[in-house]
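# Any chance you could fold what I've pasted below:
(2 chains)
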Amino acid sequence: MTNKELADLLLPNVDSDVSYYEEKYPERDLPEGAVVTRFAPSPTGFVHMGSLFASFIEKKAANDSNGVFYLRIEDTDQKREVENGVTGIINDLNNFDITIDEGMLSETEEKGAYGPYTQSKRRDIYQAYVKHLIEEGLAYPCFCSPEEIEETRQIQEKRKQRIGYYGRYAKCRRLTNEEIKEKVSNGEPYIIRFKSPGSFDNKIKVHDLVKGDIEFPENDLDIVILKSDGLPTYHFAHAIDDHLMRTTHVIRGDEWISSLPIHVQLFSSLGFKAPKYAHLSPIMKEEDGKKRKLSKRKDPEAAVSFYHEKGIPVPAVKLYLMTIANTNFEQWYDANKEKGLDDFKFDFKKVSGSGSLFDVDKLYNISKNYISYLKASEVYEGTLKWAKEYDEEFATILERHADYAAKLFNIEREQKKPRKDYSCFSMIKSQIWYMFDELYQNVTDYDFKTIQDKDEINHILDLYLNKYYHAEDDKETWFNRLKDLSEELGYAKEVKQYKENPDAYKGHVGDISMVLRVALTSRSMTPDLYELMHLLGEERVKERYLTFIKGNSD
RNA sequence: GGCCCGUUGGUGAAACGGUUAACACACAUGCCUUUCACGCAUGCAUUUAUGGGUUCAAAUCCCGUACGGGUCACCA
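So this is what the prediction gives:
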């Protein structure tokens, strides 16, 4: 019985003429140096920070070179499948503004000429190549049961030998075609294994774009390529898909690095040109003084939705991702403030080979800087968008006072040194709520600093309202009146004066304006007081002070 | 256990055989300031996990050790 007959026996309904696919999915017509990358997740629900990081780099590398970035769904493990898993992935990607050139657009729709982009729909393709391999004598059926495999594993462990299906442990490799035929006709179940031509004693060198040259023993494992459900394993699907989809750069997590000998062998046995590989180190997290991989289960910040909930602007997250992706980015960005992420050329050589710690502080800092350079209207939009999803009450208020809110956001903004106090949209409410009567009315708690005495506070406010408060004042006059008020009450007009001779005064202007600030807003930290008063308007300022004095008199 | 990879300050990290071991975040102190924030100034690794070796010269090259990570499925 020939290999051809064997192949027909094993896969009777498959056409093994693989040249059909080679022609159907030709070499891409792209400019010189164009990079084709892909994001290839399993549809298990949502995207992990590490995957987002990878997809971000994949897209960047493709864009920089006028190449192609596509989304392929790796759903060959039907046990792990999750309802609407693809939708979840696409949503997360959309939230981060990572758009694809090709691939899956929803659970069922896709675009691009190299599809299908869902592996479960490519069964025929994989089987054609498997059949081809069988004909070539490079693959064979294996009838070993899971129990048998487990048994040899234990034997190998006992003998302190390498574990796996190889060499003399690869029983089914030695079956003759006639023996196979008999087993098949007896209805024995089987899977298909690749017949590895390698030897463990040979050393091979593989170049990785981020890790450099890595030396491995050559693969000699007869790995499974077609499972009993007729779907391929990851390794085989990777070889077929990335070849047929003409991927030039495979960018993935470095948990794959040890499979590299299998992959390069598969590509060469199949007669394919291997893609370039870039293995990314995992993003780490520190816990109890130890580094560990950021975990989807334990770390909320591992879920990509976390940033959406926090209201960290997407460009800020991208900026942060780029600082850990390319170590020279931060300095470049610092020197090229007016340019954007798109102007920066991603470089594989500048990817750190070791896992970087996820630094939330730094992310917030980048976000804070980013927000400080936004226009007031953009801050308004961003906050509103966030609130609509996570805080309806606040959203309603923002919409009701749209103009007012925009003016509020404009305080100390759009100047050479803008205020930097909003690190994310979800925190904004806690910093400005007192400017909205709807929220201010429930205040019970005032955060006074230096002057605590009730009578003194009331006295200051009373005098201010009756003598020094003039709503129409410009900022300079307003502040001068504050100084006069201070003087009248026995406080220093200038902080310097006070510091030079603290015993001569009860305090200084700063203390006085603190009282005015807190009585008006309840908070000791606010944007510029003059601006706030101006925004609130005479009526509300007076009303708030009067109400405060009344409440403070009991 | 086998096989791979990694280890520079609190963090991200630069430096690819010759620098006072950059820069950014964080932290601390001071200045400025009506608060906070901003900004400015200063401080923060006598030394690159560790022990050897090569060299006139090592964070950089080689070997060992320790620690951390990954992987060894009909999961990806």
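
# Tell me, how many residues neighbour residue A:458?
Counted by other C-beta atoms under 10 Å, the residues lying close to residue A:458 total 18. (Each C-beta comes from the backbone N, C-alpha and C, glycine too.)

# If you drop the residues flanking it in sequence, what lies closest to it?
The shortest distance from residue A:458 to any residue other than its chain neighbours is 5.2 Å, reached at residue A:549 (C-beta to C-beta, 6 or more residues apart in numbering).

# right, and that neighbour touches residue A:461 too?
Yes. Using C-beta atoms under 8 Å, residue A:549 is in contact with residue A:461, at 5.6 Å.

# For the two, indicate the residue with more neighbours.
residue A:461 (21 against 18).

# So that one versus residue A:542, what's the distance?
10 Å (C-beta to C-beta, to the nearest Å).

# Same question for residue A:330.
49 Å.

# ok, now residue A:59?
From residue A:59 to residue A:542 the distance is 56 Å (C-beta to C-beta).

# same deal with residue A:223?
Distance from residue A:223 to residue A:542, by C-beta to C-beta: 80 Å.

# Neighbour count: those two, which is higher?
residue A:223 (19 against 14).

# and the more buried one, what is it in contact with?
By C-beta atoms under 8 Å, 6 or more residues apart in numbering, the contact list for residue A:223 reads A:165, A:193, A:194, A:196, A:233, A:235, A:236, A:262.

# From those, which land in helices?
Among the contacts of residue A:223, the members found in helices (DSSP state H) are A:235, A:236, A:262.

# Tell me the most packed of the residues you listed, by neighbour count.
residue A:236 (27 neighbours).

# Roughly how far does the closest residue to that one other than its chain neighbours sit from residue A:491?
Take residue A:236 and drop its neighbours on the chain: the residue closest to it by C-beta to C-beta, 6+ apart is residue A:225, 3.9 Å away. To residue A:491, residue A:225 is 84 Å away according to C-beta to C-beta.

# re the thing from before, show me the two of the contacts of residue A:223 that sit farthest apart.
Farthest-apart pair in the contacts of residue A:223 is A:165 and A:236; separation 14.8 Å (C-beta to C-beta).

# And RNA strand B, is the helix or strand harbouring residue A:481 touching that?
Using DSSP states H and E, residue A:481 sits within helix A:475-489. Yes. On the criterion C-beta under 7 Å from any atom of the strand, helix A:475-489 is in touch with RNA strand B at A:475, A:479.

# any weak-confidence spans in the stretch 301-450 of chain A?
Filtered on pLDDT under 70, the stretch 301-450 of chain A yields the residue ranges A:354-357, A:449.

# For it, what lies in contact range of RNA strand B?
So far as C-beta under 7 Å from any atom of the strand goes, the stretch 301-450 of chain A lies against RNA strand B at A:323-324, A:327-328, A:330-331, A:334, A:349-350, A:352-357, A:359, A:361-362, A:365, A:412, A:417-421, A:449.

# and if we set it to 6 Å?
Contact residues (C-beta under 6 Å from any atom of the strand) of the stretch 301-450 of chain A with RNA strand B: A:323-324, A:327, A:330-331, A:352-354, A:356-357, A:359, A:361-362, A:365, A:417, A:419-421.

# Kindly give a single PyMOL line that selects the buried subset of these.
To isolate the buried ones among these in PyMOL, judged by 16 or more other C-beta atoms under 10 Å, type:
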select buried, chain A and resi 323+324+330+356+421
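
# Among the residues of the stretch 301-450 of chain A next to RNA strand B, which ones are in helices?
Reading helices off those with DSSP H, I get A:323, A:324, A:330, A:331, A:361, A:362, A:365.

# ok, those residues vs residue A:266, which is closest?
Once C-beta to C-beta is applied, the member of these that ends up nearest residue A:266 is residue A:324, at 31.5 Å.

# so what's the closest one up against?
Taking C-beta under 8 Å, 6+ apart as the test, what residue A:324 contacts is A:53, A:283, A:352, A:356, A:358.

# follow-up on the earlier one: what residues are up against the residue nearest to residue A:458?
By C-beta under 8 Å, 6+ apart, the neighbours of residue A:549 are A:458, A:461, A:462.

# do the same with residue A:202
If you count contacts by C-beta under 8 Å, 6+ apart, then residue A:202 has A:217, A:218 around it.

# what about 6 Å?
residue A:218 (C-beta atoms under 6 Å, 6 or more residues apart in numbering).

# how far away is it from residue A:218?
Residue A:202 is 4 Å from residue A:218, by C-beta to C-beta.

# The residue nearest to residue A:236 sits in which helix or strand?
Short version, using DSSP H and E: residue A:225 is in strand A:224-226.

# what does that strand contact?
A:130, A:191, A:192, A:193, A:194, A:232, A:233, A:236.

# mind putting the contacts of residue A:549 in a markdown table, pLDDT included?
Putting those into a markdown table (pLDDT from 0 to 100) gives the following:
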| residue | pLDDT |
| --- | --- |
| A:458 | 87 |
| A:461 | 88 |
| A:462 | 88 |
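
# restrict the residues you listed to contacts with RNA strand B.
Among the contacts of residue A:549, RNA strand B is touched by none when using C-beta under 6 Å from any atom of the strand.

# quick one: which of those residues sit in helices?
Short answer: those in helices (DSSP H) are A:458, A:461, A:462.

# So which of the residues you listed is the closest to residue A:310?
residue A:461 (37.8 Å).

# what's near enough to touch that closest one?
A:519, A:545, A:549.

# Please identify the buried residues of stretch A:514-529?
Quick answer for stretch A:514-529 (16+ other C-beta under 10 Å): A:514-523, A:526-527, A:529.

# Give me the contacts around it.
By C-beta under 6 Å, 6+ apart, stretch A:514-529 touches A:411-412, A:434, A:443, A:446-449, A:451, A:457, A:460-461, A:513, A:544-545, A:548.

# Helix, strand, or coil at residue A:499?
helix (DSSP: H, G, I helix; E, B strand; the rest coil).

# Count the residues that sit near the closest residue to residue A:533 other than its chain neighbours.
Spatial nearest neighbour of residue A:533, chain neighbours left out: residue A:541 (5.3 Å); criterion: C-beta to C-beta, 6+ apart. Neighbour count of residue A:541, defined by other C-beta under 10 Å: 19.

# now do residue A:181
16.
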